[in-house]
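Q: sequence first, predicted coordinates after that:
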Amino acid sequence: MSGDIEARLAEMDIVLPKPVAPIANYVPVVITGTLAVVSGQIPVIDGKVAYTGQVGIGVSIEEATKAARQCMINVLAQLRAACDGDLDRVRRVVRLGGFIAAPSSFTQHAVVMNGASDLAVAVFGENGRHARSTIGVPSLPADAAVEVEAMVELAW
Amino acid sequence: MSGDIEARLAEMDIVLPKPVAPIANYVPVVITGTLAVVSGQIPVIDGKVAYTGQVGIGVSIEEATKAARQCMINVLAQLRAACDGDLDRVRRVVRLGGFIAAPSSFTQHAVVMNGASDLAVAVFGENGRHARSTIGVPSLPADAAVEVEAMVELAW
Amino acid sequence: MSGDIEARLAEMDIVLPKPVAPIANYVPVVITGTLAVVSGQIPVIDGKVAYTGQVGIGVSIEEATKAARQCMINVLAQLRAACDGDLDRVRRVVRLGGFIAAPSSFTQHAVVMNGASDLAVAVFGENGRHARSTIGVPSLPADAAVEVEAMVELAW
């Protein structure tokens, strides 16, 4: 666990958790060619979904932003495991998909999703700048408030 | 229509239907490089959407799981047509996206989506193990209860 | 700004706008290998979201179809900028993702999304024929009625 990205995570006081096991019959990451596709991650901390419910009702925008950041931390943990511990293999964060559980009146999806995007850029710098689609949803698996999926380009 | 995957489908008593025609101006599958991108499939059987409405209201979890399985059967039918009848060209199921029509109180998305994922693994074995994102949605085209999209790696 | 696609746009009286700046910390397009991934675009015209609210409530199907077309115009504007002004580099529209803000009773997602798909085919011809997934959502960033994302194959 050394390398430029590990050093950056340490500077930011981020300790990546043990990757979260999928809650059903799928795998966290599939690598095809130079692309790593990361399954949708929910804001699990220590085995428990830390942010549940709809943003704007039971969950504040500030909490939801932290939830999105936690989803991205879990994406990084999955990627590290898929790269045999070497996050320096990530050449570019290509795309993040953000799903925000919220009522029809909600409009601040972009602010919430920045919790994930800001972390990607803080960790990977220019290589962390990504395309992104963010949408509202009525509900997510395990009542999670936010879910984030990723597509990443790897170096060989 | 021979080959290892066809034999496996026959063992499982699965007869792939004639691929469902898109309901609007798009195509079922686009191949780019080694990737096949399959349009979102709804649970059409014999030209009719077999499972409609929201899961947890008009549709039970058990029915929705069958709906997800039917979506995956329709994905396989589209893939077979795109591979000129040879599903043995599928080297890896890279990603499934699952959309479950459900109210905001619903939490069992992962169980429902296993209807698709379990079939992928049963048919392709280790090569069927995929990344996955599953979300709730208020509504889907043609009032479908479930929609499944796929990205697959093909051998040359 | 010359070329076959520019000529086609001119014939259709379509003037691509200045690309819309992302509303948060991400970039409009990332190119990885031969693929360009375009961030979700909302129906911004002259810096303002032109179609807001849910389709079937405040927004008619006809308006929503125009909204989807506008999203696709914004996708094209982003692609042109990413291709240094040369849309002839687009070899194939691989996939469009369509998100339609609508209540649970809505069923006409496919009609609405044709606003984007029809434009893709009108502009690129056979190369514009794409895979597609369309879903309903309760809400979108900035109260947009429609959001469209794209994946495109580029020629070298």
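A: Okay, I see it. Residues are numbered from 1 along each chain as shown, chains lettered A, B, ... in the order given.

Q: going forward, measure contacts between C-alpha atoms and count neighbours the same way
A: Noted.

Q: may I see the buried residues of stretch A:39-54?
A: Judged by neighbour count using 16 or more other Cα atoms under 10 Å in any protein chain shown, the buried positions of stretch A:39-54 are A:Ser39, A:Gly40, A:Gln41, A:Ile42, A:Pro43, A:Val44, A:Ile45, A:Ala50, A:Tyr51, A:Thr52, A:Gly53, A:Gln54.

Q: meant to ask about stretch A:96-108, not that
A: Taking 16+ other Cα under 10 Å as the criterion, stretch A:96-108 shows A:Leu96, A:Gly97, A:Gly98, A:Phe99, A:Ile100, A:Ala101, A:Ala102, A:Pro103, A:Ser104, A:Phe106, A:Thr107, A:Gln108 as buried.

Q: how about the residues of chain A by chain C?
A: With Cα under 8 Å from any Cα of the partner chain as the criterion, chain A comes near chain C at residues A:94-95, A:102-111, A:114, A:117-118, A:129-138, A:153.

Q: those in helices, which ones?
A: Of these, the ones assigned to helices by DSSP state H are A:His109, A:Ala110, A:Val111, A:Asn114, A:Ser117, A:Asp118.

Q: looking at those, spot the one nearest B:Glu62.
A: A:His109 (32.2 Å; Cα to Cα).

Q: that closest one against A:Pro103, yeah?
A: No: contact between A:His109 and A:Pro103 fails when scored by Cα atoms under 8 Å: they sit 11.1 Å apart.

Q: what's the burial count for A:Gly84?
A: If you look again at residue A:84, you'll see it is Asp, not Gly. Here the number of neighbours of A:Asp84 (other Cα atoms under 10 Å in any protein chain shown) works out to 10.

Q: that one is in what secondary structure piece?
A: Under the assignment given by DSSP states H and E, A:Asp84 is not contained in any helix or strand.

Q: what helix or strand is A:Ala68 on?
A: Per DSSP H and E, the secondary structure element for A:Ala68 is helix A:61-82.

Q: what is that helix packed up against?
A: Applying 3 or more Cα pairs under 8 Å, 6 or more residues apart in numbering or on different chains; DSSP states H and E, we find helix A:61-82 packed against strand A:29-32, strand A:35-41, strand A:44-45, helix A:109-124, strand A:146-154.

Q: quick check: neighbours shared by A:His109 and A:Pro103?
A: With contacts defined as Cα atoms under 8 Å, 6 or more residues apart in numbering or on different chains, the residues shared by A:His109 and A:Pro103 are A:Gly136.

Q: rewinding a little: how about JSON lines for the buried residues of stretch A:96-108, with pLDDT and distance to A:Ile5 added?
A: Supplementary listing: the buried residues of stretch A:96-108 in JSON lines, determined by pLDDT from 0 to 100; distance: Cα to Cα, whole Å:
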{"residue": "A:Leu96", "pLDDT": "98", "distance to A:Ile5": "19"}
{"residue": "A:Gly97", "pLDDT": "98", "distance to A:Ile5": "22"}
{"residue": "A:Gly98", "pLDDT": "98", "distance to A:Ile5": "23"}
{"residue": "A:Phe99", "pLDDT": "98", "distance to A:Ile5": "26"}
{"residue": "A:Ile100", "pLDDT": "98", "distance to A:Ile5": "28"}
{"residue": "A:Ala101", "pLDDT": "98", "distance to A:Ile5": "31"}
{"residue": "A:Ala102", "pLDDT": "98", "distance to A:Ile5": "33"}
{"residue": "A:Pro103", "pLDDT": "97", "distance to A:Ile5": "37"}
{"residue": "A:Ser104", "pLDDT": "97", "distance to A:Ile5": "38"}
{"residue": "A:Phe106", "pLDDT": "98", "distance to A:Ile5": "35"}
{"residue": "A:Thr107", "pLDDT": "97", "distance to A:Ile5": "34"}
{"residue": "A:Gln108", "pLDDT": "97", "distance to A:Ile5": "30"}
